[in-house]
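Q: this one's sequence-less:
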Ligand code: HEM
């Protein structure tokens, strides 16, 4: 074990594995491939270190891997860890103004956060988009039915991603976006390059400037492209509004309307620039789409491997709907088992497994160790929610485990925080739940699902891929059989 960290003086840092000069612990992480949350979990277990020090290139990192450590970081010392590290990449991506996800802790972040909680992602706002989700869920089942050939598989991953993307775009700009595919591509790249594991960000002061400038160039190109596409979305939005006003039509506010209205309000503590507005729009997609879509893909993967769970969920749906032609959001409240399935999936497959990185703003003591100012702090939610200390048979997919206990993901039960906790916790839970529940209920109500012939559920490939979020490495292909014909839908 080391007492690492150059210049740490007499500080008592959390224990960590041996470090090499220059690269620190990168070699131990990289040797096991890109699923770093898994490698970090086994390192922390081996060292019995709920708080563990690492150095990734030049970046000092502390990883919290127990419920107590997570509570200390996100609750007890909340304010000290309430800012995000700004790498060279993030600086480029935020050049025209920060959004909510990366805004440094301070007045701008507070204002954006308040706007998100009270206006953009409030329960009332989420409710106001009900018709969009119901309409997109109908399209989802219609698309599966149309694509289906007897005995042939449908790309479920793709259908789910399209459902989530189209609903998000419509809630944001009131309509489909003509450049949706380009936009999603640029967004996925932005998420990947901002995740902090590229060489330029790990060696910010390096003289080997080529990879630093390579990273910066890539970030610059991505930033330019994303902002051009947002400009395009804003223009399309304006044209639509003008046409609607001309026709005397009155529409619900979409999220762009809300943002532009708030921008004009007097008395804002910090003026909102168009740069901030565009960054928030990007945030809503970046933080909301891949996360919800990937979670749904993991749900469907687990259901295929656990057919008795799928049958139980379908039985609940049929009992609740009593032959109604489609699932509506009124039906969701009665679907208790379906909600447990989503909960259990968030436990086994937290798609943001290390939370979004925090940075220590002020040297402080946590669990008897010193965390120096400037340290990047990660919370290994993946490790915590599979730890046998808190979970019986942690690797088993068993939604029933949540039946008689009051553990929830709302940020107070630290053994289960897939959305984080404290001031920086995800503000999009209600938004995410609404689309995930409706899409899942619709897929299970209208179809039975099987693996293509020759595949066995116990052999389903569950290999993960880490981009900005954790997704399936291979798209999920399943064979649907119609159970309740979507054509019966109005
Ligand atoms: C299954 C779906 C989702 C998961 C698992 C998830 C998870 C997370 C996590 C782990 C964080 C970091 C929390 C922390 O640092 O403690 C976060 C932050 C955030 N999420 Fe989500 N999220 C989801 C869906 C959404 C949706 C649908 C939206 C909005 C449309 C959203 C918006 C945000 C924003 C804006 C932040 C940054 C908050 C801040 O820094 O103050 N998320 N999310």
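A: Perfect, thanks for sending it. Keep in mind that what you see is a predicted model, and the values were worked out from it rather than measured.
Q: Check whether the closest residue to residue 395 other than its chain neighbours sits in a helix, strand or coil.
A: Distances taken as C-beta to C-beta, 6 or more residues apart in numbering place residue 386 nearest to residue 395, at 6.7 Å, with adjacent residues excluded. All C-beta spots, glycine's among them, are computed from the backbone N, C-alpha and C. Classification of residue 386 using DSSP: H, G, I helix; E, B strand; the rest coil returns coil.
Q: can you give me phi and psi for residue 386?
A: phi -120, psi 20 (degrees, to the nearest 10).
Q: Of all residues in the stretch 201-350 of the chain, which one is closest to the ligand?
A: With C-beta to the nearest ligand atom, the shortest gap between the stretch 201-350 of the chain and the ligand falls at residue 288, namely 3.0 Å.
Q: if we can go back for a sec, look up the pLDDT of the residue nearest to residue 395 for me, please.
A: Among the per-residue scores, residue 386 shows a pLDDT of 97.
Q: Also residue 37?
A: 94.
Q: Could you pull up the contacting residues of residue 260?
A: Residue 260 is in contact with residue 277, counting by C-beta atoms under 8 Å, 6 or more residues apart in numbering.
Q: Shouldn't it be within a helix?
A: Yes. Inclusion of residue 260 in a helix is indicated when three-state DSSP is applied.
Q: end-to-end on stretch 59-71?
A: Its start and end residues considered, stretch 59-71 measures 23 Å (C-alpha to C-alpha, to the nearest Å).
Q: how distant is that stretch from the center of its chain?
A: Taking C-alpha atoms, centre = their mean, to the nearest Å, one finds stretch 59-71 lying 19 Å from the centre of the chain it belongs to.
Q: circling back: who's in contact with the residue nearest to residue 395?
A: Shown here is residue 386, whose contacts under the criterion C-beta under 8 Å, 6+ apart are 41, 347-348, 394-395.
Q: Turn those into CSV, including pLDDT.
A: CSV is the format used below for these (pLDDT from 0 to 100):
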residue, pLDDT
41, 96
347, 98
348, 98
394, 97
395, 96
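Q: can you tell me which of those residues are in helices?
A: Applying DSSP state H to the contacts of residue 386, the entries found in helices are 41, 347-348.
Q: Most neighbours of all the residues you listed, which one?
A: Ranked by neighbour count under the definition other C-beta atoms under 10 Å, the ones in helices among the contacts of residue 386 are headed by residue 347 with 26 neighbours.
Q: Just give the closest residue to it, not the sequence neighbours.
A: Nearest in space to residue 347, with sequence neighbours left out and distances taken as C-beta to C-beta, 6+ apart, is residue 385 at 4.6 Å.
Q: Same question for stretch 423-435: list its buried residues.
A: Along stretch 423-435, these residues count as buried under the neighbour rule (16 or more other C-beta atoms under 10 Å): 423-429, 431-435.
Q: got a list of contacts for that stretch?
A: 74, 78-79, 82, 84, 100, 105, 113, 116-117, 121-123, 126, 129-130, 133, 163-164, 167, 284, 287-288, 291-292, 295, 329, 342, 356, 358, 409-411, 417, 419-420.
Q: quick one: which of those sit in strands?
A: Secondary structure assignment by DSSP state E places residue 358 of the contacts of stretch 423-435 in strands.
Q: Now list the buried members of the contacts of stretch 423-435.
A: When neighbours are counted using 16+ other C-beta under 10 Å, the contacts of stretch 423-435 contain these buried positions: 74, 78, 82, 84, 100, 105, 113, 116, 121, 126, 129, 133, 163-164, 167, 284, 287-288, 291-292, 295, 329, 342, 356, 358, 409, 411, 417, 419-420.
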